[in-house]
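**Student:** What shape does this take:
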Amino acid sequence: MTKLVSAFISLVFAGNASAQSFQSVENCRQLVENVDRLACYDALQPDETTMKIEPVATLADAPVKMARARFNVQGEDARHSIYRPRIELHLSFANSSLKRVSALALLVTIKDAFGDVILVNDSKLDINIRPGGSAASQTYFFWEDNQFMHDDAYSKLIGPVTAGTAKTEVAVKRVVYQDGSVEAY
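**Tutor:** Numbering: from 1, shown residues only. The predicted model follows:
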């Protein structure tokens, strides 16, 4: 009888630990900021009772993809209001949906030739892309040289960008359509 009771208690605790593990993963998944979400996942500690959690559903790929990424290195040019050297990133996107796109939420990752992450930028972009079409964004990302810092974004990017080895990856997280609908990926 005591073996049966201890087996039942062990089963209850194991089920409770799995539910707690699942809830912890769900709590992390709810975090909006990538840095916070990653820190939350890193803090989770698997134990003997943790069960493997399978995703509930697989999300479809976003219908908007980066079509082109182009870096531009600008030197100081007071005539054009560029007071410090900077690196610009110009992006173009292709829309495979049947709706006109008005805005995108993006995760931009820039890697070096080794595939190591140099920079991650979570941002939003207003853009007008017709259904089945493509468009270059009128706005762009830029990183200015800070002569007093040697580990700023500009300092990390300048080598790979000028060597032509910087690689840009863009994950579209959300799409806002002209009709007001929003899709998350």
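**Student:** what's the burial count for Glu88?
**Tutor:** Glu88 is flanked by 15 other residues according to other Cβ atoms under 10 Å. The way it works is simple: take the backbone N, C-alpha and C, and place the C-beta from them, glycine included.
**Student:** can I assume it is in contact with Ser137?
**Tutor:** No - judged on Cβ atoms under 8 Å, Glu88 makes no contact with Ser137 at a distance of 11.4 Å.
**Student:** Need phi/psi at Gly164.
**Tutor:** Phi and psi for Gly164, reported as degrees, to the nearest 10, are phi 80, psi 20.
**Student:** Let me know the distance separating it from Val73.
**Tutor:** Using Cβ to Cβ, to the nearest Å, Gly164 is found at 11 Å from Val73.
**Student:** how about the residue most central in space within the chain, what does it touch?
**Tutor:** The centre of the chain sits closest to Leu107, judged by Cα atoms, centre = their mean, with a distance of 3.0 Å. Taking Cβ atoms under 8 Å, 6 or more residues apart in numbering, we find Leu107 in contact with 34, 120-122, 170-171, 173.
**Student:** Let's verify Cys40: helix, strand, or coil?
**Tutor:** Under DSSP: H, G, I helix; E, B strand; the rest coil, Cys40 falls in the helix class.
**Student:** Then Arg29?
**Tutor:** Three-state assignment for Arg29 (three-state DSSP): helix.
**Student:** With Gly132 instead?
**Tutor:** Going by three-state DSSP: Gly132 is coil.
**Student:** Also Glu26?
**Tutor:** Classification of Glu26 using three-state DSSP returns helix.
**Student:** Quick check: the gap between it and Val32.
**Tutor:** Using Cβ to Cβ, Glu26 is found at 14 Å from Val32.
**Student:** May I ask which helix or strand of this protein has the lowest mean pLDDT?
**Tutor:** helix 2-30 (a mean of 50; mean pLDDT, DSSP states H and E).
**Student:** Next secondary structure after the longest strand anywhere in the chain?
**Tutor:** The single longest strand within the chain, with elements called by DSSP state E, is strand 117-129. Downstream of strand 117-129, the first helix or strand assigned by DSSP states H and E is strand 134-136.
**Student:** Show residues contacting that following strand.
**Tutor:** For strand 134-136, the surrounding residues in contact (Cβ under 8 Å, 6+ apart) are 67-68, 90-95, 127-129.
**Student:** Check which residues of the helix or strand harbouring Glu183 are buried.
**Tutor:** Glu183 belongs to strand 182-184 when elements are defined using DSSP H and E. In terms of neighbour count (16 or more other Cβ atoms under 10 Å), strand 182-184 has its buried residues at Glu183.
**Student:** Please apply the same query to stretch 155-169.
**Tutor:** 156-158, 160-161, 166, 168.
**Student:** now the end-to-end length of that stretch.
**Tutor:** One end of stretch 155-169 sits 20 Å from the other (Cα to Cα, to the nearest Å).
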